[in-house]
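Student: Sequence first, predicted model second:
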Amino acid sequence: MNGRSATRSLIGALACMAIVGPHSQGNSLTPSPVIAKDSPVMQTAVSPDLDNRLTTLKALKIDSATITLVEHDVTQTVVTPDGQTHNSLPPRTVVKMVLNPAKGSNINVEICMPDAEKWNGRLLGLGNGGAAGHINSIGLCGPVSGGYAAATTDMGTAPSPESGVGNKEVWKDFGFRATHLMTTAAKEVVRAYYGKDIAFSYFVGGSTGGQQALQEAQRYPDDYDGIFANIPAHCRTPLHAYFLWNWQILAKCPFTKEQEKTVVDAGNEYMASRETPPVAGKFVSDPRCNGKDIDAVIALALRKDPTLTEAHAIALRKIFEGPTHAITHERIFDGLPIGASFDGATGNLYLFNWVFGANKPLADIDFGKDFDTYTAALGPYLNAENPDLSAFEKRGGKLIVAAGSADACVPAHVSIDYYERVIERFGSLDKVQSFFRFYIIPGMAHGGGPGINGEPDMLGAVRQWREKGIAPTEIHGNRYVDGKVVLTMPLYPYPAKTGWDAATSTFKQVDGPRGGVQRVSDRCLPPAAE
């Protein structure tokens, strides 16, 4: 497991899912895993106690739910369709169900529970990725090995993103409803199976799972005691407008891979003077910048690569500055972070099909009236941008959010913007940090990246904070290359950042700036709706 923390190995596959591939418009379905020929088969005889528990589950009635499977599985080895072998899977009880809260809504949920003597008393909700539409059953086994009862959902978008075309019920499910109903159903199942209350409930999700995480904190503050939202796609409709903006620009003025690398290298070189010595020129720890910085990076790139033309320079300026409203010129989203790869900054355009249908040419969608139509349709359901977390705070909830400084798919600036909105709502940074802490991970992209690619045990940090009152402060991130740690950096809650002590040649905490990003316009963030 390459030396990564236990929690990363257990839940990292789900917590760090990318939205989708950088140039795709949707997710392919993940086929069901197959049992290896030499694996133990399903258990055919169960103890009387286990039999009673399974019988209880089979008789359980849940609103709007049809339970489709209840079984105890002792299969130890599974080979997934991509050829990966998963060994030492724990004995587990699996419950599958379909939720139909409204006509046009079809939500798949899977719950996986360890045997009673192995349960740690906690429920763990796991986020999905991309356009969702499938469930990673194997991903549930890691948390079960750690003692958790775990649950996840396909978010109601099966069998493909096209299920959302013109279907407002799918919009609601994908935006918020599927995750909440998964949670309430899972709590009923877990209580019925173990015959006792859940001690604590936690949620972990990345990318789309981060959207799920923040929707839970904002809309349903009683669902979870603690939440970790990694690289969260919480500003959903403006984010996909950023994807379309970049896609339209790059369709008219493409860059070769060599030219893209030149631009990335120019960004790293230009920003090197602001970095600590061990990482200077390798990646950008803090991509916040201004127009002069953007112009300087573009000029440097053109000097380094004579194949870059003035047309490329114009395209780069638009990409780095980010989309604005074509009529009002209000800010829609900030631009591509300096030093970030172009990968992940385009594609993911299925949301526009949901509103305009599959036949409207993407090149024809404008950032004026079309954008307003799109925002009004999807924004109230998909965006998790409400800064009022007072109900979550009052019930003792704890929230950690992390974003990568080199993430082109969900740039960190949007999470900085949201965190600042929360600070304004509560009136002080200290008040917010009493229940909500935010980390910018240097050089982390949307999976991998040129810098830190191994986060510490963030679920453990949330648990310690919620259950023992020990708030996270300095944490440590690693960069792995070929399974070996080549860099370890201390990380600090925003606005603090990692600096350098020249006298001792070691990292240290320094005060960082507040804000420094383009604020998403209120026009782009309509109030949430049910």
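Tutor: Received it, and whenever you're ready, just let me know what you need.
Student: hey, let's count contacts and neighbours off CA atoms from now on
Tutor: Fine.
Student: How many residues are close by the closest residue to residue 420 other than its chain neighbours?
Tutor: Once flanking residues are discounted, residue 420 sits nearest to residue 515: 6.7 Å by CA to CA, 6 or more residues apart in numbering. Residue 515 has 16 neighbours, counted by other CA atoms under 10 Å.
Student: Isn't residue 515 up against residue 421?
Tutor: No - contact criterion CA atoms under 8 Å: residue 515 and residue 421 do not qualify, at 9.8 Å.
Student: just to revisit the earlier point, gap between the residue nearest to residue 420 and residue 429?
Tutor: Between residue 515 and residue 429 the computed distance is 12 Å (CA to CA, to the nearest Å).
Student: What about residue 355, how many residues nearby?
Tutor: 22.
Student: quick one, what contacts it?
Tutor: For residue 355, the contacting residues are 165-166, 374, 377-378, by CA atoms under 8 Å, 6 or more residues apart in numbering.
Student: make it 7 Å
Tutor: Residue 355 makes contact with 165-166, 374, 377, according to CA atoms under 7 Å, 6 or more residues apart in numbering.
Student: mind pulling up the phi and psi values for residue 477?
Tutor: Residue 477 adopts backbone torsions of phi -110, psi 150, taken as degrees, to the nearest 10.
Student: same thing with residue 226?
Tutor: Per-residue torsions, residue 226: phi -150, psi 150 (degrees, to the nearest 10).
Student: which residues pair with it across the strands?
Tutor: residue 202, residue 398 (DSSP bridges).
Student: Residue 464 is in contact with that one, correct?
Tutor: No - taking contacts as CA atoms under 7 Å, residue 226 lies outside contact range of residue 464: 9.8 Å.
Student: who's more crowded, those two?
Tutor: Neighbour totals were compared for residue 226 and residue 464, and residue 226 leads with 30 against 16 (other CA under 10 Å).
Student: List the buried residues of stretch 71-89.
Tutor: Buried residues in stretch 71-89, defined by neighbour count with 16 or more other CA atoms under 10 Å: 71-80, 86, 89.
Student: May I have that stretch as PDB, with CA atoms only?
Tutor: The C-alpha trace of stretch 71-89 is given here as PDB (Å, rounded to 0.1, in the frame of the first residue of the first chain):
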ATOM      1  CA  GLU A  71     -27.000 -11.500   2.300                       C
ATOM      2  CA  HIS A  72     -24.000 -12.400   4.400                       C
ATOM      3  CA  ASP A  73     -20.900 -12.600   2.200                       C
ATOM      4  CA  VAL A  74     -17.600 -14.300   3.200                       C
ATOM      5  CA  THR A  75     -16.000 -14.000  -0.200                       C
ATOM      6  CA  GLN A  76     -12.400 -13.100   0.500                       C
ATOM      7  CA  THR A  77     -11.000 -12.500  -3.000                       C
ATOM      8  CA  VAL A  78     -12.600 -10.600  -5.800                       C
ATOM      9  CA  VAL A  79     -11.200  -9.700  -9.200                       C
ATOM     10  CA  THR A  80     -12.700  -6.500 -10.600                       C
ATOM     11  CA  PRO A  81     -13.200  -6.100 -14.400                       C
ATOM     12  CA  ASP A  82     -10.100  -4.000 -14.700                       C
ATOM     13  CA  GLY A  83      -8.000  -7.000 -13.600                       C
ATOM     14  CA  GLN A  84      -7.300  -5.800 -10.000                       C
ATOM     15  CA  THR A  85      -7.400  -8.500  -7.400                       C
ATOM     16  CA  HIS A  86      -8.700  -7.600  -3.900                       C
ATOM     17  CA  ASN A  87      -7.800 -10.000  -1.200                       C
ATOM     18  CA  SER A  88      -8.600 -10.400   2.500                       C
ATOM     19  CA  LEU A  89     -12.100  -9.000   2.200                       C
END
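Student: now it, how far from the chain's geometric center?
Tutor: Computed by CA atoms, centre = their mean, to the nearest Å, the chain-centroid distance of stretch 71-89 equals 25 Å.
Student: what mean pLDDT would you report for it?
Tutor: Mean pLDDT, computed over stretch 71-89, is 91.
Student: Renumber starting at 161 from here on
Tutor: Sure, I'll start counting at 161 from here, so that last one is stretch 231-249.
Student: thought residue 357 was touching residue 349?
Tutor: No - here residue 357 lies out of contact with residue 349, judged by CA under 7 Å, at a distance of 10.8 Å.
Student: can you give me the helices in the stretch 311-460 of the chain?
Tutor: Secondary structure of the stretch 311-460 of the chain (DSSP state H, counting those that start in this stretch): helices at 328-332, 338-354, 368-379, 396-412, 417-431, 451-464.
Student: And for the last one, what's in contact with it?
Tutor: By that I understand helix 451-464. With contacts defined as CA under 7 Å, 6+ apart, helix 451-464 is touched by 422-423, 426-427, 430, 468, 473, 480.
Student: the strands in the stretch 561-690 of the chain, which residues?
Tutor: Ranges of strands in the stretch 561-690 of the chain, per DSSP state E, counting those that start in this stretch, are 596-601, 635-641, 644-651, 657-661, 666-670.
Student: and if you look at the stretch 411-560 of the chain?
Tutor: In the stretch 411-560 of the chain, the strands defined using DSSP E, counting those that start in this stretch lie at 558-564.
Student: hang on, the earlier thing: residue 357 and residue 349: who's more crowded?
Tutor: Legend: neighbour count by other CA under 10 Å for residue 357 and residue 349, higher for residue 349 (22 against 13).
Student: Please name the spatially closest residue to the more buried one (chain neighbours excluded).
Tutor: Spatial nearest neighbour of residue 349, excluding adjacent residues (CA to CA, 6+ apart): residue 217 at 6.9 Å.
Student: just checking, that neighbour touches residue 355?
Tutor: No - in this structure, residue 217 is not within contact of residue 355 by CA under 7 Å, at 10.9 Å.
Student: thinking again about what came up before, from the contact counts, what lies against the helix or strand hosting the residue nearest to residue 349?
Tutor: Assigned by DSSP states H and E, residue 217 falls within helix 208-218. On a contact count with 3 or more CA pairs under 7 Å, 6 or more residues apart in numbering; DSSP states H and E, helix 208-218 meets helix 338-354.
Student: Name the residues of the helix it packs on that are buried.
Tutor: Neighbour-count burial for helix 338-354 flags 338-343, 345-350, 352-354 (criterion: 16+ other CA under 10 Å).
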